[in-house]
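**Student:** Need a 3D model of the following:
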Amino acid sequence: MLMEWLDPALEKRTWEIVEICERENIDLYKKFDYHLGKLKRSVQFDSIDDLQILEDLFIQKNLVVKLAYRIGFDDALKIKRELL
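**Tutor:** Sure thing, here's the model as predicted:
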């Protein structure tokens, strides 16, 4: 029951963490985007799809942030229960 109440707050906080990570890594993304753009201009047309896949994979790293935050939260609850 407690987790049902916590889930919306946890989801909201998780997205806040993703936004923080994006802001902290904006220079990295700009560098990635710059080099990706150079590649898109210089590779053959049939390779553009592969570059798009690479960009999508780079962006999906945020899923790792969400998962890591959730696992950390669950671990903290488990440790708290063990200590009590």
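
**Student:** gap between residue 45 and residue 65?
**Tutor:** 33 Å (Cβ to Cβ, to the nearest Å). All C-beta atoms are positioned from the backbone trio N, CA, C, and that covers glycine.

**Student:** Neighbour count for the two, which is higher?
**Tutor:** Using other Cβ atoms under 10 Å, the more surrounded residue of residue 45 and residue 65 is residue 65, with 17 against 7.

**Student:** what about the more buried one, which helix or strand?
**Tutor:** Using DSSP states H and E, residue 65 maps to helix 61-83.

**Student:** Please apply the same query to residue 22.
**Tutor:** Using DSSP H and E, residue 22 maps to helix 2-24.

**Student:** what's the following helix or strand after that helix?
**Tutor:** helix 26-42.

**Student:** Tell me the gap between that following helix and the middle of its chain.
**Tutor:** Put simply, helix 26-42 sits 18 Å off its chain's centre (Cα atoms, centre = their mean, to the nearest Å).

**Student:** avg pLDDT for that helix?
**Tutor:** Helix 26-42 carries an average pLDDT of 92.

**Student:** could you measure residue 81 against residue 11, distance?
**Tutor:** Residue 81 sits 22 Å away from residue 11, going by Cβ to Cβ.

**Student:** Show me which of the two is the more surrounded one.
**Tutor:** residue 11 (12 against 8).

**Student:** Contact partners for residue 54?
**Tutor:** Applying Cβ atoms under 8 Å, 6 or more residues apart in numbering, one finds that residue 54 lies in contact with residue 36.
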